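Novice: when you get a sec, could you give me coordinates for this:
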Amino acid sequence: MSTSSYERIFKEADKDGSGSLTLSEVTTMLRKNGYGESDAKIKAMFGSIDMSGDQKISLEEFLTAMGAIPPKNHKEANMRKCFRGFDVDGSGSIDRNELKNAMKEYNSDMTDAEIDRLIQIVDKDGSGCINYEEFIAQVFGK
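Specialist: Numbers count the residues shown, from 1 in each chain. This is a model prediction of the structure:
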């Protein structure tokens, strides 16, 4: 992501227009954008970013922190955010119908057999769905 993308995310997260983010705003923003860190990790991260100790993160502090995150983590977050868009029922996995609808949205002409084969390849637990945390772990070698 570029600096301008992070600036846009910051402005979207700054709900009250104060020019800084609270812990709550940061947590909401990270979740919305696909970052899967625990609340405890976010709180610790927030504390380390808040260099002034005012319980708020400025745009400069935010940009510095986002730049320090390994690119792999940003890619995982983007993938998670994309998958969540396909996961209509919010189950944490993408079933056959959700995948088929997603492929239609992207003008893909995948046949039912191709969709079934894709699920079969990716579905490690045999659920008949694509669990996107498992998929992300597989793609990024976790």
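Novice: wasn't residue 52 part of a strand?
Specialist: No - Residue 52 is assigned coil when assessed by DSSP: H, G, I helix; E, B strand; the rest coil, not a strand.
Novice: when you give positions from now on, start the count at 34
Specialist: Understood, numbering begins at 34; the last thing we discussed is residue 85.
Novice: and the residue nearest to residue 72 when sequence neighbours are not counted, what helix or strand is that in?
Specialist: Using CB to CB, 6 or more residues apart in numbering and skipping the chain neighbours, the partner closest in space to residue 72 is residue 60 (6.8 Å). Just so you know, the C-beta spots here come from the backbone N, C-alpha and C atoms, and that holds for glycine as well. Taking DSSP states H and E as the definition, one finds residue 60 inside helix 56-65.
Novice: so which elements touch that helix?
Specialist: Counting contacts by 3 or more CB pairs under 8 Å, 6 or more residues apart in numbering; DSSP states H and E, helix 56-65 is packed against helix 36-46, helix 72-82.
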